[in-house]
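# let's see this in three dimensions:
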Amino acid sequence: RTAAGRTWEAMEGGSVPSGYRVLREGAASILQREEDEDAFYNKAQIVNRDMSVAVLRQFLSNLRQEIENGELVRTRKGRV
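Predicted coordinates:
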């Protein structure tokens, strides 16, 4: 998606620029040069990215709950 939230296909009237391909993972789409096989996108890391997102979401959920329950107290230096 572009910064405006449109997909490349919609932005370009359904076409991908010559010499590029669209890579999709979940809701994300990126343009990659066709000659750059794995220079940017590593397909083998899909599970790692999914796990990282799941762990971060759970951590933030737990942190919010602990703050709401008053289980965390901040010190003067802002540390928990």
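# please make it C-alpha for all contacts and neighbour counts, starting now.
OK.
# pull the number of nearby residues for N42.
Other residues within reach of N42 by the criterion other Cα atoms under 10 Å amount to 9.
# per-residue confidence averaged over the top helix by length along the chain?
When the chain is parsed with DSSP state H, its longest helix is helix 46-68. Mean per-residue pLDDT for helix 46-68: 91.
# before we move on, what about stretch 21-40?
With pLDDT averaged residue by residue, stretch 21-40 scores 76.
# please identify the helix or strand for L31.
Here L31 sits within strand 28-33, counting by DSSP states H and E.
# mind listing what's buried in that strand?
By 16 or more other Cα atoms under 10 Å, the buried positions in strand 28-33 come out as Q32.
# now do stretch 42-59
Along stretch 42-59, not one residue counts as buried under the neighbour rule (16+ other Cα under 10 Å).
# tabulate the CA atom coordinates of that stretch in PDB.
C-alpha atoms of stretch 42-59 as PDB (Å, rounded to 0.1, in the frame of the first residue of the first chain):
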ATOM      1  CA  ASN A  42      13.000 -12.900   2.900                       C
ATOM      2  CA  LYS A  43      10.000 -15.200   2.500                       C
ATOM      3  CA  ALA A  44      11.500 -17.700   5.000                       C
ATOM      4  CA  GLN A  45      11.000 -15.100   7.800                       C
ATOM      5  CA  ILE A  46       7.200 -15.000   7.600                       C
ATOM      6  CA  VAL A  47       6.800 -17.200  10.600                       C
ATOM      7  CA  ASN A  48       9.300 -15.200  12.600                       C
ATOM      8  CA  ARG A  49       7.500 -11.900  11.700                       C
ATOM      9  CA  ASP A  50       4.200 -13.400  12.700                       C
ATOM     10  CA  MET A  51       5.600 -14.700  16.000                       C
ATOM     11  CA  SER A  52       7.200 -11.300  16.800                       C
ATOM     12  CA  VAL A  53       4.000  -9.500  16.200                       C
ATOM     13  CA  ALA A  54       2.000 -12.000  18.400                       C
ATOM     14  CA  VAL A  55       4.500 -11.700  21.200                       C
ATOM     15  CA  LEU A  56       4.500  -7.900  21.100                       C
ATOM     16  CA  ARG A  57       0.700  -7.700  21.100                       C
ATOM     17  CA  GLN A  58       0.500 -10.000  24.100                       C
ATOM     18  CA  PHE A  59       3.200  -8.100  25.900                       C
END
